[in-house]
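A.B. asks: Structural data only, the sequence is not supplied:
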């Protein structure tokens, strides 16, 4: 191994050493932010008035693909939306 490769490998190891303990915390924070976006986008279906519905309507098809995973994580056996079939 050349010196450049060794330094690159040492840099990767140090990066893993410093970010490793926080990986779970950062993943949970990202999941919570994703849940908030889902609630904001799908809020109209949940009965929450949404003044930005015109702009979030375009995101509904993207959120629909991930709805099954979201339901499983929230441990809901059925869909919270009356007009859609449960995708689980």
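C.D. replies: Happy to help now that I have it. Predicted model only: the values in this text are computed from it and were never measured.

A.B. asks: quick one: low-confidence ranges for this protein?
C.D. replies: For the chain, applying pLDDT under 70 flags the ranges 75-88.

A.B. asks: change it to 50
C.D. replies: Applying pLDDT under 50 to the chain flags the ranges 88.

A.B. asks: Secondary structure element holding residue 51?
C.D. replies: Taking DSSP states H and E as the definition, residue 51 sits outside all helices and strands.

A.B. asks: Return the distance of it relative to residue 40.
C.D. replies: Using C-beta to C-beta, to the nearest Å, we find residue 51 at a distance of 11 Å from residue 40. Every C-beta, even on glycine, is put in place using the N, C-alpha and C of the backbone.

A.B. asks: Neighbour count: those two, which is higher?
C.D. replies: residue 40 (15 against 7; other C-beta atoms under 10 Å).

A.B. asks: ok, that one touching residue 49?
C.D. replies: No. The pair residue 40 / residue 49 is not scored as a contact, 11.9 Å apart, by C-beta atoms under 8 Å.

A.B. asks: Let me see the ranges of the helices in this protein.
C.D. replies: 3-19, 23-41, 43-46, 53-56, 60-65, 67-74 (DSSP state H).

A.B. asks: ok, residue 43 - how many residues close by?
C.D. replies: Neighbour count of residue 43, defined by other C-beta under 10 Å: 15.
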